[in-house]
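In: Sequence unavailable; structure follows:
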């Protein structure tokens, strides 16, 4: 399978027509028509085999996830997806692998009317880089630096399930006694995250800051705090925990997955107290749970508070327990 | 060197301020202001160690070249560069390597007022992916599909020097008896290509089609021919050959480098005969030689004609000699 056959295969399988694409795959560059009155939100993420995903990951899931993690960044800006370019590096072109990769990519792209407009295919160690672009009305984007002291901290969905899925896959801290349905659910959360695009749009004009949770709540919430010049205080007991997660580990293990697990692709937002009702209503319209987990306050760092009111220390790149939260 | 230190280092070293960047490196996505009345030209290219460049390539040259090959695509569209995002995958973060890589990138970015607005840094086998974006007035882009029968075929600069430089580096078909200045010139052409951005802008409204020569003239000219539904006939004797190249190999070896060598990053354009004077004047104003090497005609494929009028056959991925052109 030569480079041009490969590109043609991708073009055909990932085709999502959009009227704002003047020229798509097949020239030196794509030609695109930005939306008047809007800013462009542009994000780029790479997934490397053996680093960001196990080499055994199914190609459908890879195509889906590579796009999902990028769209999650647009969701966190409150942007509406429009276009993507794909740089695909493959050890050897395999028509079957490529077809299934494209299926996964296209399934999510179609759901969000995103057009793949260009990219590059190269030979080398398996890695996937995407650049995604979306529209946001000028001045309306959700940024990391907009939180104010007193703003509530909210998170969408449930945390820690993808991390539990990874533990399951790698056999580390393996959840025991889980039924097939639970195991499948956790693996789906790991391999096919659903970017919270509708919620991101719905929270424009309501949230004062936002980030998507890709590296674990503790670290990502820390970015909002740092960029906004604030401290964040969250309550361990308030972190949204699914029934499946509760069955997968004890409370401490769950807390570890929820705080430092990564791969959640949920949104973490700052919401002024007088807009909380609006935020909850907006999330309800999107069919997404939104949970109040704490507040921003003057200072710096993220503090996690246990049931007894004591602080639980979370170390960099890991997690350290000072005071039991049960 | 952690990921955040790495990103901060890149941000500081590659900073080129632009008023149309609302938000650069450091959030979930960059926020950018497209230019009214313009389309966006978007291109993405990956360089993989050991595939697109020898592992010994200096980091300054890598930073320069990764940007140059992407800007060359914008040049071929007649687009004016604005923004880039960088996905950098490194086996291990090395502060010194990174500083020199950024120097090379920034030197070229500053020359073209291009802002690095975001990207991703990951651990893995060395590879560099860039997405570049530029502006082109609506409907004015140079595309591959606009050539008409009778249009002249022109190329900028000299061909084959980068390929000769690579031969020099790899010791294959090694040019013999070259002086230090010649050797240095050929290596510079390989490692620090100058994208023909000014020429691309100057040829808007004059050229009917364009492509940048990255994979060798024969193959890239073939893309214009195929997309325009035409044949291309070029004359081996007319291909621009520098004195340095002439000293590096015999006529046949030079022809091989010029037709199939790759890494030239010159422009190949279609120009209607009655606009040739305009095209030559535009190139002269840019200080770039522009050479008439043949014409488009009805049919398909690219035909290379030797001195005696016989056709020289160039096989896919290589080069086959039927009739000597000297």
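Out: Noted; the coordinates are in hand. Being a predicted model, the structure only gives us computed values, none of them experimental.

In: dump the residue contacts of residue A:207.
Out: Counting by C-beta atoms under 8 Å, 6 or more residues apart in numbering or on different chains, residue A:207 makes contact with A:78, A:142, A:154, A:269, A:270, A:271, A:275, A:279. For every residue, glycine as well, the C-beta is placed using N, CA and C.

In: can you list those in TSV and add distance to chain B and secondary structure?
Out: TSV is the format used below for those (distance: C-beta to the nearest C-beta, whole Å; DSSP: H, G, I helix; E, B strand; the rest coil):
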residue	distance to chain B	secondary structure
A:78	10	coil
A:142	8	coil
A:154	16	strand
A:269	12	strand
A:270	14	strand
A:271	17	strand
A:275	21	helix
A:279	18	helix
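
In: would you list those residues in TSV and tack on pLDDT?
Out: Output for these, formatted as TSV (pLDDT from 0 to 100):
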residue	pLDDT
A:78	98
A:142	98
A:154	98
A:269	98
A:270	98
A:271	98
A:275	98
A:279	98
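
In: Using CSV, please lay out those residues together with neighbour count.
Out: Shown next, in CSV, are the contacts of residue A:207 (neighbours: other C-beta atoms under 10 Å in any protein chain shown):
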residue, neighbour count
A:78, 28
A:142, 29
A:154, 24
A:269, 28
A:270, 27
A:271, 26
A:275, 17
A:279, 21
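
In: ok, of those residues, which one's closest to residue B:303?
Out: Nearest to residue B:303, judged by C-beta to C-beta, of these is residue A:78 at 54.6 Å.

In: thinking the closest one is in contact with residue A:201, fair?
Out: Yes - the pair residue A:78 / residue A:201 is scored as a contact, 5.9 Å apart, by C-beta atoms under 8 Å.

In: For the residue nearest the centre of chain A, list the residues it contacts.
Out: For chain A, the residue nearest the mean C-alpha position is residue A:265 (2.6 Å; C-alpha atoms, centre = their mean). The contact partners of residue A:265, by C-beta under 8 Å, 6+ apart, come to A:68, A:69, A:72, A:162, A:193, A:194, A:195, A:196, A:212, A:213, A:214.

In: Please work out how many residues are found near the residue of the stretch 101-250 of chain A found nearest chain B.
Out: Residue of the stretch 101-250 of chain A nearest chain B, by C-beta to the nearest C-beta: residue A:124 (3.6 Å). By other C-beta atoms under 10 Å in any protein chain shown, 19 other residues sit near residue A:124.

In: Same question for residue A:206.
Out: Neighbour count of residue A:206, defined by other C-beta under 10 Å: 20.

In: repeat for residue A:64
Out: So residue A:64, with other C-beta under 10 Å, has 23 neighbours.

In: Mind checking what secondary structure it has?
Out: Classification of residue A:64 by DSSP: H, G, I helix; E, B strand; the rest coil places it in helix.

In: secondary structure element for the spatially closest residue to it that is not a sequence neighbour?
Out: Counting by C-beta to C-beta, 6 or more residues apart in numbering or on different chains, residue A:64 lies nearest to residue A:104, which is 3.8 Å off, once chain neighbours are set aside. For residue A:104, the host element (DSSP states H and E) is helix A:95-111.

In: Return the list of helices and strands in contact with that helix.
Out: If you count contacts as 3 or more C-beta pairs under 8 Å, 6 or more residues apart in numbering or on different chains; DSSP states H and E, helix A:95-111 packs onto helix A:3-13, helix A:59-77, strand A:80-90, strand A:115-123.

In: let's see it at 7 Å
Out: helix A:3-13, helix A:59-77 (3 or more C-beta pairs under 7 Å, 6 or more residues apart in numbering or on different chains; DSSP states H and E).

In: Redo these as TSV? Include distance to residue B:299 and mean pLDDT.
Out: Formatted as TSV, the helices and strands packed on helix A:95-111 follow (distance: least, C-beta to C-beta, whole Å; pLDDT from 0 to 100):
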stretch	distance to residue B:299	mean pLDDT
helix A:3-13	20	88
helix A:59-77	39	97
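
In: now those helices in TSV, with distance to residue A:243?
Out: Listed next are the helices and strands packed on helix A:95-111 as TSV, based on distance: least, C-beta to C-beta, whole Å:
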stretch	distance to residue A:243
helix A:3-13	37
helix A:59-77	23
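
In: most neighbours per residue, which of the ones you listed?
Out: Highest mean neighbour count among the helices and strands packed on helix A:95-111 (mean count of other C-beta atoms under 10 Å in any protein chain shown): helix A:59-77, with a mean of 26.

In: re earlier: list the buried ones in the helix holding residue A:104?
Out: Across helix A:95-111, burial judged by 16 or more other C-beta atoms under 10 Å in any protein chain shown covers A:97, A:98, A:100, A:101, A:102, A:104, A:105, A:106, A:108, A:109.

In: Turn those into TSV, including pLDDT.
Out: Compiled in TSV, these are given as follows (pLDDT from 0 to 100):
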residue	pLDDT
A:97	94
A:98	94
A:100	96
A:101	96
A:102	97
A:104	97
A:105	98
A:106	97
A:108	98
A:109	98
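
In: ok, back up a step: any idea how far the residue nearest to residue A:64 is from residue A:311?
Out: 42 Å (C-beta to C-beta, to the nearest Å).

In: and what of residue A:32?
Out: Counting by C-beta to C-beta, the gap from residue A:32 to residue A:311 is 49 Å.

In: now do residue A:301
Out: Look at residue A:301 and residue A:311: by C-beta to C-beta, they are 10 Å apart.
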